[in-house]
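A.B. asks: The following comprises the amino acid sequence and a computationally predicted model.
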Amino acid sequence: MAPRNNPEENCASSSSNSDAGCIEEEDIAEIEAVNQSLDSLSNALDMIEERTDGIKARLLELLNSNKEIRESIVAEKSQDTEASK
């Protein structure tokens, strides 16, 4: 829900001269700027999370590949030692 742009609509209807119940245009602009900043930060965090997930997946692939290669080398060495007996 977007804030109203007319500060008079945001004021409490009273005859006093107090602005305590009013949201001024400057306040609304500041709130909108903060919202935009938060949206930008959220988008940046989403991109970082996607990159992190991709890196994690690639690291797991590399780890599994290295494990398979290591097991293969160990198996070859044990076959070589059995064949040389």
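C.D. replies: Structure received.

A.B. asks: For residue 23, give me phi and psi.
C.D. replies: Torsion angles at residue 23 (phi, psi; degrees, to the nearest 10) stand at phi -110, psi 120.

A.B. asks: How many neighbouring residues does it have?
C.D. replies: 16 (other CB atoms under 10 Å). No exception for glycine: its C-beta is placed from N, CA and C like everyone else's.

A.B. asks: quick one: pLDDT of it?
C.D. replies: Note on residue 23: pLDDT of 78.

A.B. asks: Roughly how far does it sit from residue 78?
C.D. replies: Residue 23 sits 77 Å away from residue 78, going by CB to CB, to the nearest Å.

A.B. asks: again, but for residue 45
C.D. replies: To residue 78, residue 45 is 49 Å away according to CB to CB.

A.B. asks: What of residue 85?
C.D. replies: Counting by CB to CB, the gap from residue 85 to residue 78 is 11 Å.

A.B. asks: again, but for residue 57
C.D. replies: 32 Å.

A.B. asks: of residue 85 and residue 78, who's got more company?
C.D. replies: Applying other CB under 10 Å to residue 85 and residue 78 shows that residue 78 carries more neighbours, namely 10 against 4.

A.B. asks: Can you tell me which residue sits nearest the middle of this protein?
C.D. replies: residue 45 (2.4 Å; CA atoms, centre = their mean).

A.B. asks: Going by secondary structure, that one is in what exactly?
C.D. replies: helix 25-83 (DSSP states H and E).

A.B. asks: How far does that helix sit from its chain's centre?
C.D. replies: Computed by CA atoms, centre = their mean, to the nearest Å, the chain-centroid distance of helix 25-83 equals 13 Å.

A.B. asks: Quick check: the gap between residue 43 and residue 32.
C.D. replies: 17 Å.

A.B. asks: Of those two, which one has the most company?
C.D. replies: The neighbour comparison of residue 43 against residue 32 (other CB under 10 Å) goes to residue 32, with 13 against 10.
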